[in-house]
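> Sharing a sequence plus its predicted fold:
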Amino acid sequence: MPNAPGHTSFSITLPNEVIETMMDLQSSKLYGTNRAEIARSLILDALKRLAAEKLVRIRGLPETN
């Protein structure tokens, strides 16, 4: 399946325990319904927290004060 414009896919390797912990979130559907969606949500949330702390700037988004 091709990526949406402005999106890039990649793969990562994580310890099995981390995958199992992520999958514990699946039943809530708060972070997504499959492993990829959950990982995407967790990564984006972590980057947003770092941006709020002014440790990184998420490119393409306006800066907040």
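The structure has been received and is ready for your questions.

> neighbours around residue 38, how many?
When neighbours are defined as other CB atoms under 10 Å, residue 38 has 22 of them. Where you see a C-beta, it was placed from the backbone N, CA and C, and this is true even at glycine.

> Now name the helix or strand holding it.
Residue 38 is part of helix 35-52, with elements assigned from DSSP states H and E.

> Show me what that helix packs onto, helices and strands only.
On a contact count with 3 or more CB pairs under 8 Å, 6 or more residues apart in numbering; DSSP states H and E, helix 35-52 meets helix 16-24.

> any idea of the angle the helix it packs on forms with helix 35-52?
In this structure, helix 16-24 runs at an angle of 90 degrees to helix 35-52, with axes from the mean of the first three to the mean of the last three CA atoms, to 10 degrees as the basis.

> who touches helix 16-24?
The set of residues that contact helix 16-24 without belonging to it, under CB atoms under 8 Å, 6 or more residues apart in numbering, is 14, 35, 38, 39, 42.
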